[in-house]
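A.B. asks: have a look; sequence and predicted model below, questions after that.
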Protein chains: 2
Amino acid sequence: MGGDKAPKVVLQGAEIARKRYPNIKFIIYGDTAKIRPHMDQNPSLAEVSTIVHTDIAVSSSEKPSNALRGPLKQSSMRLAIEAVKAGDADCAVSAGNTGALMGLSKIIYRMVPGIDRPAIASFFPTLRGESVMLDLGANIQCDADNLVQFAVMGNVFARVALGANYPTIGLLNVGSEELKGNDDIQEAHMRLKESSFPGKYVGFIEGDDIAGGTTDVVVTDGFTGNIALKTAEGTAHLSTEFLKRTFKSSIFAQIGYIFAARAMRKLKHRLDPRKYNGAMFLGLNGVTVKSHGGTDGLGFANAVSVAHDMVEANVKEKIKEDLANLEI
Amino acid sequence: MGGDKAPKVVLQGAEIARKRYPNIKFIIYGDTAKIRPHMDQNPSLAEVSTIVHTDIAVSSSEKPSNALRGPLKQSSMRLAIEAVKAGDADCAVSAGNTGALMGLSKIIYRMVPGIDRPAIASFFPTLRGESVMLDLGANIQCDADNLVQFAVMGNVFARVALGANYPTIGLLNVGSEELKGNDDIQEAHMRLKESSFPGKYVGFIEGDDIAGGTTDVVVTDGFTGNIALKTAEGTAHLSTEFLKRTFKSSIFAQIGYIFAARAMRKLKHRLDPRKYNGAMFLGLNGVTVKSHGGTDGLGFANAVSVAHDMVEANVKEKIKEDLANLEI
């Protein structure tokens, strides 16, 4: 029931994901009256789906702490996460309220031993391919322990989500010199330099290294990560808008666009935000993936794919292994 | 002597600025042996310039604290700032080491009464025109007092640098709801909401509001501001690179480029980073402007123009006035 156009987009996404994974099964939590008509039009999806009715949903403006108690205990979001906890589902995917989804996942799944705080991780296009960044907003303030654990989790996420065998990892800072940044970031830097987990820590990186793709993994606190991600999104949107205006600015530019249209469509496809939809909650004893609330069916299906890959790869066990091997 | 191609770029910039401001005069601090040949080729610049020789320069890799003592007491950077303090110059412009330039400016000029910490401010293109952001890296950690003072200073800077009569001001956060962010940012928010300085505080804004131009002024701490600025620069570079590759990707795209070339050059000009060169150090009893180290003569001249406008507008007095009228 989450996202701007629920449940339509979620069900469209489920249908696309069904074609990708022939053995997939869905338990769909929400208002049957709204879900049923879509299912009737889509019998192949209905065949692999179980609908569990609830007319309680967490709204996007709900205070996350409210989602944990009271009448919202029967929300579609909570029921989905409970199903993962109970072993009835392998993972939960939602386009709903991020804070509520994280709060519920944390309380219900609990943390992986050795991880103090969960992180939200996602991937994005860069000059050199794709990279991942975490934390994107689960933790406003982070200490050195958190940052080191994010590096461990980001390393696993990059291996699974990007297929990088031996990811490079950078710690986001205001300069690359060792003196830069606050005490926590400097302590995390010293510890990562001497650590032994199976990723290559390269040191401090700066804001322009994110889109530059300097490292496969960008580690930062949730405040900075959230702002950096949205700043990049905003700047990409600005570039696209200016380009559109430029192609419309003269008759010659319009003719130019006709010739370049096919290449421009390829570029658009290359940078399609739906390709990068699906933020993973790392560090928990269960898989929850957050879809962007404004995406469409294809975007939602991609979030399902992220969840699918995380389950297949058994990310939780990989994080535990790396933590066990970590000598800091 | 600062920047990648000193003193050439600085002197080229001075020559361009001389044409803009017929009454301008320069005191140029640095190695006479390197400066003199440029002056010989440019007698009109030589006519308005006094060269003060020193062969000591602060390198870009110098630890800022080293610039404050020992042999670097005779550095070209320090001498320029001392000249402003002594009243021999109205402002200092440098393309050198940012940390050293800020450290020296702070120690030599001292703070405007009522401002606890200086901020680095600059302006950039947005969907709706131009906006300013501060702090871009002077202060890694900021409390509520600092953020409120940055809002006051950013408001003055937007009036002078953008010509905005009644600037709108936003506080950068991870969400627009009042609950978001840490204690300092929430306290700053509450105080700005009730404050009386002559700018319009609109509340929390997010990373995508920076390029969106939601507000004329973006207020944030120096850690976040530095990373947001560089993330935006990196993303803009990524967009440009992808666009270049797209125009080269097929013969049709190449033909398209020929038709669109004039419009594309206009776009390039519109977003030319040299237009946005010149970061102002606000909150000090003197004007220092930092030029990007990698810019060219035109970029350096634009940094001189920022300094010129700040002196003309008497920014320090405007900040004092706004502080005096501030009831929080």
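C.D. replies: Happy to help now that I have it. Residues are numbered from 1 along each chain as shown, chains lettered A, B, ... in the order given.
A.B. asks: from now on I want contacts and neighbour counts done on CA atoms only, so please keep to that.
C.D. replies: Noted.
A.B. asks: show me where the stretch 151-300 of chain A has its strands.
C.D. replies: Using DSSP state E, counting those that start in this stretch, the strands of the stretch 151-300 of chain A run over A:168-172, A:200-205, A:217-219, A:279-282, A:287-290.
A.B. asks: closest to B:D221 out of these?
C.D. replies: Checking the strands of the stretch 151-300 of chain A against B:D221 by Cα to Cα gives strand A:168-172 as the closest, at 15.3 Å.
A.B. asks: check which helices and strands that closest one sits against.
C.D. replies: On a contact count with 3 or more Cα pairs under 8 Å, 6 or more residues apart in numbering or on different chains; DSSP states H and E, strand A:168-172 meets helix A:144-162, strand A:200-205, strand A:217-219.
A.B. asks: hmm, 7 Å instead?
C.D. replies: strand A:200-205, strand A:217-219 (3 or more Cα pairs under 7 Å, 6 or more residues apart in numbering or on different chains; DSSP states H and E).
A.B. asks: re the thing from before, right, and the strands of the stretch 151-300 of chain A - which one's nearest A:A17?
C.D. replies: Proximity to A:A17 (Cα to Cα) singles out strand A:287-290 among the strands of the stretch 151-300 of chain A, at 14.2 Å.
A.B. asks: ok so, going back, tell me which of the helices and strands packed on strand A:168-172 is the most buried.
C.D. replies: When those are scored by mean count of other Cα atoms under 10 Å in any protein chain shown, the highest mean neighbour count falls to strand A:217-219 (a mean of 32).
A.B. asks: give the buried residues for stretch A:317-325.
C.D. replies: With burial defined by 16 or more other Cα atoms under 10 Å in any protein chain shown, the residues of stretch A:317-325 counted as buried are A:K318, A:I319, A:K320, A:D322, A:L323.
A.B. asks: any residue of stretch A:96-112 touching chain B?
C.D. replies: No. Using Cα under 7 Å from any Cα of the partner chain, stretch A:96-112 stays clear of chain B, with a minimum separation of 10.7 Å.
A.B. asks: stretch A:66-73 too?
C.D. replies: No. In terms of Cα under 7 Å from any Cα, no part of stretch A:66-73 sits within range of chain B; the closest distance is 13.2 Å.
A.B. asks: now do the end-to-end distance for that stretch.
C.D. replies: End-to-end span of stretch A:66-73 (Cα to Cα, to the nearest Å): 9 Å.
A.B. asks: from the buried residues of stretch A:317-325, pick the one nearest chain B.
C.D. replies: Closest approach to chain B among the buried residues of stretch A:317-325 (Cα to the nearest Cα): A:I319, at 27.3 Å.
A.B. asks: the residue lying closest to that closest one once chain neighbours are set aside: neighbour count?
C.D. replies: Residue nearest to A:I319 in three dimensions, not counting chain neighbours: A:M153, with 6.0 Å by Cα to Cα, 6 or more residues apart in numbering or on different chains. Using other Cα atoms under 10 Å in any protein chain shown, A:M153 is surrounded by 28 other residues.
A.B. asks: quick one, which of the helices and strands packed on strand A:168-172 gets closest to B:P273.
C.D. replies: So among the helices and strands packed on strand A:168-172, strand A:200-205 is nearest, using Cα to Cα, at 21.7 Å.
A.B. asks: circling back to that earlier point, can you tell me which of the buried residues of stretch A:317-325 are in strands?
C.D. replies: Among these, no residue falls in strands (DSSP state E).
A.B. asks: which strand runs longest in chain A?
C.D. replies: Per DSSP E, chain A has its longest strand at strand A:119-126.
A.B. asks: could you give the angle of that one to helix A:144-162?
C.D. replies: 50 degrees (axes from the mean of the first three to the mean of the last three Cα atoms, to 10 degrees).
A.B. asks: check which residues of strand A:119-126 are buried.
C.D. replies: A:A119, A:I120, A:A121, A:S122, A:F123, A:F124, A:P125, A:T126.
A.B. asks: out of the residues you listed, which comes closest to chain B?
C.D. replies: Of these, the one sitting nearest to chain B (Cα to the nearest Cα) turns out to be A:T126, at 7.1 Å.
A.B. asks: looking at it, the closest one is touching A:T214, isn't it?
C.D. replies: No. With contact defined as Cα atoms under 7 Å, A:T126 and A:T214 do not form a contacting pair (8.7 Å).
A.B. asks: check the burial of the residue nearest to A:F223 when sequence neighbours are not counted by counting its neighbours.
C.D. replies: In space, and not counting its chain neighbours, A:F223 is closest to A:I140: 4.7 Å by Cα to Cα, 6+ apart. Residues near A:I140, counting by other Cα under 10 Å, number 18.
A.B. asks: again, but for A:N42
C.D. replies: By the criterion of other Cα under 10 Å, A:N42 has 14 neighbours.
A.B. asks: now do A:R159
C.D. replies: 19.
A.B. asks: quick one: end-to-end distance for stretch A:211-226.
C.D. replies: One end of stretch A:211-226 sits 15 Å from the other (Cα to Cα).
A.B. asks: please spell out which residues along it are buried.
C.D. replies: Taking 16+ other Cα under 10 Å as the criterion, stretch A:211-226 shows A:211-226 as buried.
A.B. asks: show me which residues of chain A sit near chain B.
C.D. replies: A:127, A:140, A:174, A:181-182, A:206-212, A:223-224, A:226-228, A:230-236, A:238-239, A:246, A:249, A:252-253, A:255-260, A:263-264, A:267.
A.B. asks: hey, which helix or strand in chain A has the poorest pLDDT?
C.D. replies: Lowest on mean pLDDT, DSSP states H and E among the helices and strands of chain A sits helix A:315-325, with a mean of 90.
A.B. asks: excluding sequence neighbours, find me the nearest residue to A:T231.
C.D. replies: Leaving out its chain neighbours, the residue that sits closest to A:T231 by Cα to Cα, 6+ apart is B:G207, at 4.2 Å.
A.B. asks: low-scoring stretches of chain A, by residue?
C.D. replies: By pLDDT under 70, the weakly predicted segments of chain A are A:327-328.
A.B. asks: which pair in the buried residues of strand A:119-126 has the greatest spatial separation?
C.D. replies: Top of the distance list for the buried residues of strand A:119-126 (Cα to Cα): A:A119 and A:T126, 21.3 Å.
A.B. asks: may I see the buried residues of stretch A:252-269?
C.D. replies: So, applying 16+ other Cα under 10 Å, buried residues of stretch A:252-269: A:252-260, A:262-264, A:267.
A.B. asks: cross those against helices and list the overlap.
C.D. replies: A:252-260, A:262-264, A:267 (DSSP state H).
A.B. asks: need these in CSV (columns: distance to B:G294).
C.D. replies: As requested, these are exported to CSV (distance: Cα to Cα, whole Å):
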residue, distance to B:G294
A:F252, 34
A:A253, 32
A:Q254, 35
A:I255, 36
A:G256, 33
A:Y257, 33
A:I258, 37
A:F259, 36
A:A260, 33
A:R262, 36
A:A263, 32
A:M264, 31
A:L267, 29
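A.B. asks: specify the angle between the helix ranked longest in chain A and strand B:119-126 in degrees.
C.D. replies: Longest helix in chain A, counting residues (DSSP H): helix A:222-247. Interaxial angle, helix A:222-247 versus strand B:119-126 (the same axes, to 10 degrees): 40 degrees.
A.B. asks: packing partners of helix A:222-247?
C.D. replies: Using 3+ Cα pairs under 7 Å, 6+ apart: helix A:222-247 touches helix A:251-270, helix B:208-212, helix B:222-247, helix B:251-270.
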